[in-house]
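Chemist: Just to be clear, the model below is a prediction. Sequence and coordinates:
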Amino acid sequence: MTNNAMTAAMDWWQWAILIVAGLLIGMSKTGFQGINTPTIPLLALAFGAKESTGIILPMLCMADLIAVIYYRRSAQWKYIGKLLPYAIAGFFVAIWVERYIPAAQFRYLMAGCIFAGLVFMFWQERQGEKAMITRKWWYSPTFGLTGGFTTMIGNAAGPVMAIYLLSMNLPKYAFVGTSAWFFLIVNYLKLPLQIVVWDNITWESVLVDVMVLPAIITGAVMGIKLVKKLPEKSYRKMILWLTVVATAMLLI
């Protein structure tokens, strides 16, 4: 299906997928990173791999804005500053690599990177203060570059960011606020590249995204309420396991 015929030709099941995607994206941006990972293969199934990336990015941008409005004072800017320059470099690495590696292989590359980070995370949990690797000069640049690469290729940098911020032992509101600001900046910087370089965002696809905005808002409110109810330790464990599940889904 082309974007030009999207609204006229969409079936009920495609709208159902969009509504579910909107709910999960809203929840992911206001506290539950990784919960929106199923939206990537679902939207690809409904609209095609390339077209779906043009649909999902504006949805992410709308959800980012909601999250930043609510958590605007909770961000830890020093971590954003460490990641952002390398994330932007990751955009251009992704654009270059995309010409030479089949799209199907990217899932395995991304999953491998994230699983390596998860192994480190569980190891750090056991080591406690003995784990000093987060202070190495290459630690933040590595996560920034990986995050920029994975978000440009498949809008799948949530697990990467979750691992990094969890490894910094941020409390839950700082975790969500820092993540919200980082992805707001990154996703809005991606928009011109997606429009001009990959040509997969059109007025028709944006119209579809706007029609799904109520679902995104509903999901965002659900995420905010759940974050409030969960204790710090339980929230940290949930994010870890959501990251494990999200990464496993990249291999499906």
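Modeler: Sure, I can see it. All of these numbers come straight from a predicted model, not from anything done at the bench.

Chemist: Next one: Asn169 from Phe175, what distance?
Modeler: Distance, Asn169 to Phe175, by CB to CB, to the nearest Å: 9 Å. C-beta: built from backbone N, CA, C; applies to glycine.

Chemist: Kindly report the same for Trp15.
Modeler: Taking CB to CB, one finds Trp15 at 33 Å from Phe175.

Chemist: who has more neighbours, these two?
Modeler: Of the pair Trp15 and Phe175, Phe175 is the one with more neighbours under other CB atoms under 10 Å, namely 28 against 14.

Chemist: So which elements touch the helix or strand that contains that one?
Modeler: Per DSSP states H and E, Phe175 falls inside helix 172-192. Packing partners of helix 172-192 (3 or more CB pairs under 8 Å, 6 or more residues apart in numbering; DSSP states H and E): helix 49-71, helix 77-97, helix 139-154, helix 158-167, helix 213-229, helix 232-249.

Chemist: and the residue nearest to Ala157 when sequence neighbours are not counted, what does it touch?
Modeler: Leaving aside its chain neighbours, Ala157 sits nearest to Thr151 (3.6 Å; criterion: CB to CB, 6 or more residues apart in numbering). Under the criterion of CB atoms under 8 Å, 6 or more residues apart in numbering, the neighbours of Thr151 are 87, 90, 157, 183, 186-187, 190.

Chemist: Sort those residues by pLDDT and name the bottom one.
Modeler: The member of these with the lowest pLDDT is Ala157, at 78.

Chemist: wait, doesn't it sit right on Thr150?
Modeler: Yes. Assessed by CB atoms under 8 Å, Ala157 is found in contact with Thr150 at 4.6 Å.

Chemist: Distance of Ile56 relative to Ile17?
Modeler: To Ile17, Ile56 is 11 Å away according to CB to CB.

Chemist: Overlap of the contact sets of the two?
Modeler: Any residue near both Ile56 and Ile17 by CB under 8 Å, 6+ apart counts here, and that gives Leu43.

Chemist: With neighbour numbers in mind, choose between these two.
Modeler: Ile56 (24 against 20).

Chemist: how close does the more buried one get to Thr30?
Modeler: In terms of CB to CB, Ile56 sits 17 Å off from Thr30.

Chemist: Quick one: list the elements packing against the helix or strand following the helix holding Phe175.
Modeler: As assigned by DSSP H and E, the chain's next helix or strand after helix 172-192 is helix 203-211. Here helix 203-211 touches helix 6-9, helix 49-71, going by 3+ CB pairs under 8 Å, 6+ apart.

Chemist: Now do helix 203-211, average pLDDT.
Modeler: pLDDT averaged over helix 203-211 gives 89.

Chemist: how about that helix: buried residues?
Modeler: Neighbour counts using 16 or more other CB atoms under 10 Å place 204-206, 208-209 of helix 203-211 among the buried residues.

Chemist: what do you get for stretch 12-27?
Modeler: 14, 17-27.

Chemist: And for stretch 156-170?
Modeler: Across stretch 156-170, burial judged by 16+ other CB under 10 Å covers 156-168, 170.

Chemist: Mind putting these into a markdown table with distance to Val244?
Modeler: As requested, those are arranged in a markdown table below (distance: CB to CB, whole Å):
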| residue | distance to Val244 |
| --- | --- |
| Ala156 | 14 |
| Ala157 | 16 |
| Gly158 | 13 |
| Pro159 | 9 |
| Val160 | 13 |
| Met161 | 15 |
| Ala162 | 10 |
| Ile163 | 10 |
| Tyr164 | 15 |
| Leu165 | 16 |
| Leu166 | 12 |
| Ser167 | 15 |
| Met168 | 19 |
| Leu170 | 19 |
